[in-house]
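K.L.:
coords below, sequence missing:
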């Protein structure tokens, strides 16, 4: 996995990104944390800062596994300034003549930052308060993982070297094996990267779909339908007064009927808005459905690449449970949106039918008065 999206906010400063953070355990209750930590399969991120008079100064430390063969770990730190007001916090990263800011919230020992994405969206990422010891443990775990991978690689290289000197005829086979192993390893890295990127896209698109709502349009229908019913009641009441001298009251009843026709026209205007909403619904729904299929294909590709990797390193950055959980969330968002749209369609059909029937009833009232 690539470097965090948090470092990507300074796109001209450090052009690297990550697709997601895996949260670590929270700091113990009652004591302030030494910093805020998040980890993923190949990175450790640690934010420390101090606040005085609402002014923030601190740094982001990153320890990452490189894509070298064999892999190594490297670390770097990015300083930042910022402001804090209540639970709201802003961090500004600067280098030379460039700077970039991100906003977020700090609630207790949970720091949440809204990270800008390459497509212009914002994605919330969570850092949990921890002690220095917990941060060191996270770094130790990553370094241990990389060290084990290095040892496995070195062992395979040592074995290959021994075979090379024992039998020159085997050298060509060994070289081919090494090249094949490197190709297998790269296939896993590529599959991890592709899946990570497509999961991030899925998360953005499903958040957009989850925000889709028909409440405003349905409220407009309800308001216009109630007005039409009220105007119909007025027409009935006026008709009960009879024709009036020289059919003067008939003129009022006809005016009432005209108003009801206008009310029905307003409901037709609601229909126009509803049809526009349908286009937006399709625009929001289709990408999520495609993203789900893409992630499923990516996961199949990663499984095949990992199974074909004879060296066993690197490993798949996601488990079957990870993928199932993310896909189930996306599918639930799709179902909720589809159910909401179907329910809205039923309500709109009912409004249209009742409005049409009421307009016909209103139109019959003037003639039923039998005024000369």
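P.N.:
Done, it's in. Everything numeric here is computed off the predicted structure, so don't read it as measured data.

K.L.:
pLDDT weak spots in this protein?
P.N.:
1-31, 161-167, 169, 372 (pLDDT under 70).

K.L.:
other SSEs contacting the lengthiest helix in the chain?
P.N.:
If you go by DSSP state H, the chain has its longest helix at helix 248-308. Packing partners of helix 248-308 (3 or more C-beta pairs under 8 Å, 6 or more residues apart in numbering; DSSP states H and E): helix 168-210, helix 215-240, helix 320-368. In short, each C-beta sits where N, CA and C put it, glycine included.

K.L.:
quick one: it to helix 215-240, angle?
P.N.:
Interaxial angle of helix 248-308 relative to helix 215-240 (axes from the mean of the first three to the mean of the last three C-alpha atoms, to 10 degrees): 160 degrees.

K.L.:
can you give me how far helix 248-308 is from the chain middle?
P.N.:
21 Å (C-alpha atoms, centre = their mean, to the nearest Å).

K.L.:
that older thread, in TSV, list the helices and strands packed on helix 248-308 along with distance to residue 259 and mean neighbour count.
P.N.:
As requested, the helices and strands packed on helix 248-308 are arranged in TSV below (distance: least, C-beta to C-beta, whole Å; neighbours: other C-beta atoms under 10 Å):
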stretch	distance to residue 259	mean neighbour count
helix 168-210	40	17
helix 215-240	5	16
helix 320-368	9	15
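
K.L.:
okay if I get those as JSON lines plus distance to residue 123?
P.N.:
As requested, the helices and strands packed on helix 248-308 are exported to JSON lines (distance: least, C-beta to C-beta, whole Å):
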{"stretch": "helix 168-210", "distance to residue 123": "7"}
{"stretch": "helix 215-240", "distance to residue 123": "25"}
{"stretch": "helix 320-368", "distance to residue 123": "14"}
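
K.L.:
nearest to residue 145, of those helices?
P.N.:
For the helices and strands packed on helix 248-308, proximity to residue 145 was assessed by C-beta to C-beta; helix 168-210 is nearest, at 14.3 Å.

K.L.:
of all the helices and strands packed on helix 248-308, which one is nearest residue 131?
P.N.:
Using C-beta to C-beta, those put helix 320-368 closest to residue 131, at 27.2 Å.

K.L.:
in terms of secondary structure, what does that closest one contact?
P.N.:
helix 168-210, helix 215-240, helix 248-308.

K.L.:
element containing residue 64, please.
P.N.:
Residue 64 belongs to strand 55-65 when assigned by DSSP states H and E.

K.L.:
pairing partners for that strand, with directions?
P.N.:
The strands beside strand 55-65 in its sheet (DSSP bridges) come out as strand 43-52 (antiparallel), strand 73-85 (antiparallel).

K.L.:
next secondary structure after the longest one?
P.N.:
Okay, so that is strand 73-85. strand 88-95.

K.L.:
test my guess that residue 75 contacts residue 60.
P.N.:
No: if you go by C-beta atoms under 8 Å, residue 75 and residue 60 don't touch, sitting 11.1 Å apart.

K.L.:
contact partners for residue 268?
P.N.:
Contact criterion C-beta atoms under 8 Å, 6 or more residues apart in numbering gives no residues in contact with residue 268.

K.L.:
grab the nearest non-local neighbour of residue 160.
P.N.:
Excluding the flanking residues, the one nearest residue 160 by C-beta to C-beta, 6 or more residues apart in numbering is residue 174, at 4.7 Å.

K.L.:
so that neighbour sits right up against residue 157, yeah?
P.N.:
No: counting by C-beta under 8 Å, residue 174 does not reach residue 157; the two are 9.9 Å apart.

K.L.:
on that earlier part again, now the strand holding residue 64: how far from the chain's centre is it?
P.N.:
25 Å.

K.L.:
what residues sit buried inside it?
P.N.:
56, 58, 60-65 (16 or more other C-beta atoms under 10 Å).

K.L.:
specify which member of those is nearest to residue 262.
P.N.:
residue 56 (58.3 Å).

K.L.:
quick check: that closest one touching residue 91?
P.N.:
Yes: counting by C-beta under 8 Å, residue 56 touches residue 91, with 6.9 Å between them.

K.L.:
got any residues that touch both of the two?
P.N.:
Joint contacts of residue 56 and residue 91 (C-beta under 8 Å, 6+ apart) are 49, 80-82.

K.L.:
now those residues: which count as buried?
P.N.:
Buried residues within the shared contacts of residue 56 and residue 91, defined by neighbour count using 16+ other C-beta under 10 Å: 49, 80-82.

K.L.:
need the max-distance pair from these.
P.N.:
Among these, the pair separated by the greatest distance (C-beta to C-beta) is 49 and 81, at 9.0 Å.

K.L.:
which residues are in contact with both of the two?
P.N.:
56-57, 91.

K.L.:
redo the residues you listed as a markdown table? Include distance to residue 321.
P.N.:
Formatted as a markdown table, those follow (distance: C-beta to C-beta, whole Å):
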| residue | distance to residue 321 |
| --- | --- |
| 56 | 37 |
| 57 | 40 |
| 91 | 33 |
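
K.L.:
wait, which of the residues you listed is closest to residue 115?
P.N.:
Closest to residue 115, out of all of the shared contacts of residue 49 and residue 81 and judged by C-beta to C-beta, is residue 91, at 10.6 Å.
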